[in-house]
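Colleague: need a structure here:
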Amino acid sequence: MNCTAKFLLILVQLVYAGLSMSSFASDPDHCKDQNMDCVECDSLYDSRCRDPFDVSLVKRGLVPSVRCGGVCSKWVHRYADGSSRVRRTCSKNLRLKKVSPYLVCIDESRRNGQLCFCDKRNCNAAVALKAAGFSSAVVSVMLLLLWSIRLELL
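Modeller: Predicted structure coming up:
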């Protein structure tokens with residue numbers, strides 16, 4: 001089997017593995033019966049909720065962490081004057097009509113906000129929520145492409 005065929009086989013396996021992991025992570029039923037703690041605050045009422053968020057506030061009990069039967073969420077809305085509002089809560093506390101709480105970040109249609117969901121204890125305390133699995137898959141594919149180009153040049 002030549003190098004190009006080996007590369008294509010490895011690439012197909014990586015893409016398949018990445019799709020399997022992402023479909024599991026984005027399944028809305030994956031965490032529906034799971035209880036976890038989520039940070040509960042709104043910068044409209046408590047300025048300590050803004051980014052950058054001080055996680056020690058939760059550890060010291062100064063910002064509450066609530067039991068959640070869904071997933072944690074963080075909603076950032078940016079206003080025209082440059083200010084922003086950050087709401088950290090359990091997905092069950094949001095009135096979502098057209099959005100299911102998948103483990104992703106969703107930009108608001110007018111690009112003035114972002115809603116993110118995550119499924120780890122107090123994960124909505126993070127400044128930025130991201131899908132690590134997807135970025136790892138992209139990096140892996142890029143490294144394989146560079147490796148295959150290098151082999152063809154030899």
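
Colleague: tell me the secondary structure for Lys92?
Modeller: Here Lys92 takes the helix state, with states given by DSSP: H, G, I helix; E, B strand; the rest coil.

Colleague: who's in contact with it?
Modeller: Contacts for Lys92 were tallied using C-beta atoms under 8 Å, 6 or more residues apart in numbering; they are 68-70. (Glycine included, C-beta is placed from N, CA and C.)

Colleague: Equivalent analysis for Ile106, please.
Modeller: Under the criterion of C-beta under 8 Å, 6+ apart, the neighbours of Ile106 are 99, 114-116.

Colleague: Now, of those residues, which are buried?
Modeller: Applying a neighbour-count criterion of 16 or more other C-beta atoms under 10 Å, the buried members of the contacts of Ile106 are 114-116.

Colleague: Those in strands, which ones?
Modeller: In strands, defined here by DSSP state E, the members of the buried ones among the contacts of Ile106 are 114-116.

Colleague: Can I get these in CSV including pLDDT and distance to Asp81?
Modeller: Formatted as CSV, the entries for those read as follows, by pLDDT from 0 to 100; distance: C-beta to C-beta, whole Å:
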residue, pLDDT, distance to Asp81
Gln114, 95, 18
Leu115, 94, 21
Cys116, 95, 23
